[in-house]
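1. Turn this into a model:
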Amino acid sequence: FSCLALSNFAHDDTNKAEIGTNGGIELILKAMDAHRDSSGVQEQGCGALANLGVNDSNMYRIAQQGGIEMVIDGLKRQGHGRAP
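-> Purely as a prediction, here's the structure:
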């Protein structure tokens with residue numbers, strides 16, 4: 001539920017910045033990496049990253065810390081990367 005909590009906190013612009021500067025993005029990505037086969041963690045992690053990424057500094061942090069690859073990998077693992 002920690003990714004869900006950060007996702008909810010990130011609806012506020014001040015919180016977005018605080019989460020980004022205090023290591024929240026790194027923790028979300030670590031949770032997603034540790035629980036690659038958990039659809040719940042992947043879903044909530046993606047939601048949190050989406051909310052945080054609205055902030056330009058966070059968008060840069062997400063990209064620099066491998067967030068784009070993590071989201072793509074999560075989609076593939078959950079069966080969204082297969083051809084129709």
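2. Surely Q65 and L27 touch.
-> No: in this structure, Q65 is not within contact of L27 by CB atoms under 8 Å, at 10.5 Å. Bear in mind the C-beta positions are built from the backbone N, C-alpha and C, glycine included.
3. Looking at this protein, which helix is longest?
-> Criterion DSSP state H: the longest helix present in the chain is helix 39-52.
4. all helices for the chain, in order.
-> 2-9, 13-21, 24-34, 39-52, 56-64, 67-77.
5. hang on, the earlier thing: what are the contacting residues of the longest helix of the chain?
-> 1, 3-4, 6-7, 10-11, 16, 19-20, 24-25, 28-29, 31-32, 35-36, 58, 62, 67, 70-71, 74, 77-78 (CB atoms under 8 Å, 6 or more residues apart in numbering).
6. what is the mean pLDDT for it?
-> Averaged across helix 39-52, the pLDDT comes to 93.
7. quick one: buried residues of it?
-> For helix 39-52, burial by neighbour count (16 or more other CB atoms under 10 Å) applies to 41-49, 51-52.
8. How far off centre is stretch 63-80?
-> Stretch 63-80 sits 9 Å away from the centroid of its parent chain (CA atoms, centre = their mean, to the nearest Å).
9. Dump the C-alpha coordinates for it into PDB.
-> Extracted C-alpha coordinates of stretch 63-80, given in PDB (Å, rounded to 0.1, in the frame of the first residue of the first chain):
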ATOM      1  CA  ALA A  63      13.700   8.800 -16.400                       C
ATOM      2  CA  GLN A  64      17.200   9.000 -14.900                       C
ATOM      3  CA  GLN A  65      16.500   6.300 -12.400                       C
ATOM      4  CA  GLY A  66      15.200   3.800 -15.000                       C
ATOM      5  CA  GLY A  67      11.500   4.500 -14.400                       C
ATOM      6  CA  ILE A  68      10.500   4.400 -18.100                       C
ATOM      7  CA  GLU A  69      12.100   0.900 -18.500                       C
ATOM      8  CA  MET A  70      10.500  -0.200 -15.300                       C
ATOM      9  CA  VAL A  71       7.000   0.800 -16.500                       C
ATOM     10  CA  ILE A  72       7.500  -0.900 -19.900                       C
ATOM     11  CA  ASP A  73       8.800  -4.000 -18.200                       C
ATOM     12  CA  GLY A  74       5.800  -4.100 -15.800                       C
ATOM     13  CA  LEU A  75       3.400  -3.800 -18.700                       C
ATOM     14  CA  LYS A  76       5.100  -6.700 -20.500                       C
ATOM     15  CA  ARG A  77       5.100  -8.900 -17.400                       C
ATOM     16  CA  GLN A  78       1.400  -8.300 -16.900                       C
ATOM     17  CA  GLY A  79       0.700  -9.400 -20.400                       C
ATOM     18  CA  HIS A  80       0.200  -6.000 -22.000                       C
END
